[in-house]
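S.K.: I would like to see how this sequence folds:
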Amino acid sequence: MHNSFVFTFVPLFIVIDAIGNLPFVITASTGMSTRQRRGMINIVVITAAVVGLAFLFLGQLLLNAMGISFGSFAIAGGLILLALSVRYMITGQMVESDKEAKKEEMVAVVPIGTPLTVGPATITTLLLLVKQYPLYWVLISFALNLFIVWIVCMAGNRIAGFLGQGGIKAVSRIFSLLLAAIAVSMVIKGFTLLGILHITG
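M.R.: From the prediction side, this is the model:
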């Protein structure tokens, strides 16, 4: 039992990367009120949970029915991230902010909820784990990892307060470049999975 938990929890912890995604949460929530930031974090976790569970139970069937491979899914997710990162570098915003009340929801769903928190890597991991271990262990590990995401993001508010708005703005451009790098990596991974690109050690 303990081995099943460890072997399902650790891979998900690595691919979800709650700590690694924190900079994007801080950057995306710049200028938001405390209430908006909390709402954004809740939507991030809900979005990640819905996407993860949907693909866990229906993913393989859905992708097969639509003729979509994991490679194609990775490329699509990477292109979305790349577009958003370029927009942020140019305008300082990931999404249009005409409707401020909806801004946190848009950013929370894409790109933080998906594909950053639960993207092609997490979906692939979930589908592989459920073929090797009991479903309930995969569900417990996934739920625990999402709880960790929520805790880390909530703690990010204090980190943002420590850095101050000036500090966050100073590093936000660096984070946007990192987001672009992640996007390119996802696209390359997608082409590799499709057999179009071959990368050797």
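
S.K.: how far off centre is the longest helix seen in the chain?
M.R.: Looking across the chain with DSSP state H, the single longest helix is helix 135-193. Mean C-alpha position of helix 135-193 versus that of the full chain (CA atoms, centre = their mean, to the nearest Å) differs by 6 Å.

S.K.: can you name every helix or strand that it contacts?
M.R.: Helices and strands touching helix 135-193, by 3 or more CB pairs under 8 Å, 6 or more residues apart in numbering; DSSP states H and E, are helix 2-16, helix 18-28, helix 34-66, helix 70-91, helix 120-132. Glycine gets a C-beta too; all of them are placed from N, C-alpha and C.

S.K.: if you count neighbours, what's buried in the longest one?
M.R.: This means helix 34-66. 36-41, 43-45, 47-49, 51-53, 55-56, 59, 63 (16 or more other CB atoms under 10 Å).

S.K.: same deal with the second one?
M.R.: Judged by neighbour count using 16+ other CB under 10 Å, the buried positions of helix 18-28 are Ala18, Asn21, Leu22, Pro23, Phe24, Val25, Ile26, Thr27, Ala28.

S.K.: just name the shakiest helix or strand of the chain by mean pLDDT.
M.R.: Ranking every helix and strand in the chain by mean pLDDT, DSSP states H and E puts helix 100-107 at the bottom, with a mean of 59.

S.K.: circling back: and of the helices and strands packed on helix 135-193, who's closest to Gly156?
M.R.: helix 18-28 (5.1 Å; CB to CB).

S.K.: for the record, mean pLDDT for the closest one?
M.R.: Per-residue pLDDT over helix 18-28 has a mean of 79.

S.K.: run the chain-centre distance for that helix.
M.R.: Distance, centroid of helix 18-28 to centroid of chain: 10 Å (CA atoms, centre = their mean).

S.K.: may I have that helix as CSV, with CA atoms only?
M.R.: Extracted in CSV, the C-alpha atoms of helix 18-28 (Å, rounded to 0.1, in the frame of the first residue of the first chain):
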residue,chain,number,x,y,z
ALA,A,18,3.5,23.4,-7.4
ILE,A,19,6.6,25.3,-6.3
GLY,A,20,7.8,25.8,-9.8
ASN,A,21,4.5,27.3,-10.9
LEU,A,22,4.3,29.8,-8.0
PRO,A,23,6.2,32.6,-9.8
PHE,A,24,3.5,32.5,-12.5
VAL,A,25,0.8,32.8,-9.9
ILE,A,26,2.5,35.8,-8.3
THR,A,27,3.0,37.4,-11.7
ALA,A,28,-0.5,36.8,-13.0
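
S.K.: report the inter-axis angle for it versus helix 135-193.
M.R.: For helix 18-28 against helix 135-193, the angle between stretch directions is 70 degrees (axes from the mean of the first three to the mean of the last three CA atoms, to 10 degrees).

S.K.: so, low pLDDT: which residues of the protein?
M.R.: Along the chain, segments meeting pLDDT under 70 span 1, 92-105, 157, 159-160, 163-172, 175, 199-201.

S.K.: now with 50?
M.R.: For the chain, residues meeting the criterion pLDDT under 50 lie at 97-101.

S.K.: same list (the buried residues of helix 18-28) but as CSV, adding distance to Leu79.
M.R.: Formatted as CSV, the buried residues of helix 18-28 follow (distance: CB to CB, whole Å):
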residue, distance to Leu79
Ala18, 24
Asn21, 19
Leu22, 24
Pro23, 21
Phe24, 17
Val25, 22
Ile26, 24
Thr27, 20
Ala28, 19
